[in-house]
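[1] Got a predicted structure here, sequence first:
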Amino acid sequence: MKVVGLITEYNPFHNGHAYHIRQAREKTGADYCVAVMSGNYVQRGEPACMDKYLRTDIALKAGADAVLELPVPFATGSAEYFAAGAVSLLDKLGVVDSLCFGSESTDVSLMQVIASVFTEEPAAFSARLKELLSSGHSYPADRSQALLDYLSSEGCSEETLEQVGSLIAAPNNILGIEYIKALTRRRSSIEPVAIQRTTDYLSKALSSPFCSSTAIRHLLKTRSAGAAFSMTQALKTIRSCVPEEAYSVMAENFGSRLPILADDFSALLLYKLLSCGGTDLTDYLDVSPELENRIKSCLTEITSFSGFIDAVKCRQYTRTRISRALLHVLLDIKVSDIARYKANDYVPYARVLGFRKSAGPLLKAIKKNSSIPMITKMADSERRLSELGADMLAQEVFASNLYQSVVFHKYSCRTKNEYNHGVLVLP
């Protein structure tokens, strides 16, 4: 049995994701495809535009054999924590042979060179990075420059430096490097495999047959805000960019269960920030002392989640970093939580969101070989999880309950809670 792992968000699922699944199977010769997917919140520091069960349903119909949930502390973390958590989960299943990811480059060998520098952190690289960070620029930009300066000092050719510079300028390449770094640190036998991305993931242009999730979310957002074009026109535009399975789910649930936007959480965020009062916001993940000062100084200016990000934004912090920090405050995800999870090897359980009946042999193999418990029934979780695992799952339940409350408030749609929903099983 050969198994390929995918690390995904499907926010929302589009033709590029279906292509990714097909290519992953073809390139690796896999019998089964396991997707580790973010739950109701995603890595850019926002709620998913549609809930995890809708996205799981689409993923299974579109070719995944099983969908496992990436716990919320990692799903909303930086690229490093996102990758470390997801790779930890795949590695601990004991059955995954390869990890296939989409990136702007398919030069895995060069990614491995870069990943080795980031993993080993040579003294010269670390010193240069510290020097650059003191200038007040963003961490991603300073780390990239420190890498180039270090490789130059090691005698790399101008051609190689140019290739590295181009590679680390693309966000999905950076995520791919983080996957390889996590695999290296674990000494995992899982083989990294890169697939060429077909679109710019930040592009807001809808072009058939391939477009970005960003473009679809932008259309859903503008339509939700009452744009001039009709609902029929919006769905017709989306239809050419997504598999029929995804279109059917979006069309059926648009305006009754989706889209969910960051600004739907504005009142909750304001309440949480006000209730923190004089407490130290740096207890929360991604909130530095400088960012805490900016958040507190802008507190009276808040009108919306996105508006607050605009008020806080400065040269040192990207929008995504600020959004993640605010989301971590809202979801009560603290630095101490991540420290505990990291010290105990990241993810302590594998929660199954859904699977295909034909994947029975895969689930049996996971049950036999996994080093962590596989959770299919929430009612059984208490007796099967360690204290650490129970704490992480409790964070997931809280975060999901919050998401469901927003769905109900916005659409008057009552969805099943985490204990009543159950695992999705498709033919």
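    Happy to help now that I have it.

[2] Measure how buried residue 92 is and give me the count.
    Other residues within reach of residue 92 by the criterion other Cβ atoms under 10 Å amount to 21. Where you see a C-beta, it was placed from the backbone N, CA and C, and this is true even at glycine.

[3] Surely it touches residue 371?
    Yes - counting by Cβ atoms under 8 Å, residue 92 touches residue 371, with 4.8 Å between them.

[4] Tell me who's in contact with the nearest residue to residue 145 once chain neighbours are set aside.
    Of all residues beyond its chain neighbours, the one nearest residue 145 is residue 132 (5.8 Å), with distances taken as Cβ to Cβ, 6 or more residues apart in numbering. When contacts are counted by Cβ atoms under 8 Å, 6 or more residues apart in numbering, residue 132 touches 142, 145, 146.

[5] Residue 132 and residue 304, how far apart?
    For residue 132, the distance to residue 304 (Cβ to Cβ, to the nearest Å) stands at 34 Å.

[6] Which secondary structure element is home to the residue lying farthest from the centre of the chain?
    For the chain, the C-alpha farthest from the mean C-alpha position belongs to residue 155; by Cα atoms, centre = their mean, that distance is 35.8 Å. Secondary-structure element containing residue 155, defined by DSSP states H and E: none, the residue being outside all helices and strands.

[7] low-confidence ranges in the stretch 51-200 of the chain?
    Applying pLDDT under 70 to the predicted model, the residue ranges of the stretch 51-200 of the chain that meet it are 198-200.

[8] ok, which stretches of it are strands?
    Using DSSP state E, counting those that start in this stretch, the strands of the stretch 51-200 of the chain run over 66-70, 98-103, 191-196.

[9] out of the ones you listed, which comes closest to residue 268?
    strand 66-70 (22.0 Å; Cβ to Cβ).

[10] For the closest one, give me every contacting residue.
    7, 32-39, 52, 56, 59-60, 82, 85-86, 89, 347, 350-356, 359, 362-363, 396, 424.

[11] same check, this time on stretch 362-372
    Identification of contacts with stretch 362-372 by Cβ under 8 Å, 6+ apart yields 1, 3, 31-32, 34, 65-66, 89, 92-95, 347-350, 352, 355, 374.

[12] Which entries within those residues meet the buried criterion?
    With burial judged by 16 or more other Cβ atoms under 10 Å, the buried subset of the contacts of stretch 362-372 is 3, 32, 34, 65-66, 89, 92-93, 95, 347-350, 352, 355.

[13] Go through these and name the one nearest residue 18.
    Of all the buried ones among the contacts of stretch 362-372, the one with the least separation from residue 18 (Cβ to Cβ) is residue 65, at 14.2 Å.

[14] Do I have it right that that closest one meets residue 33?
    Yes - when contacts are counted by Cβ under 8 Å, residue 65 is listed as touching residue 33 (5.2 Å).

[15] Sweet, I'm off.
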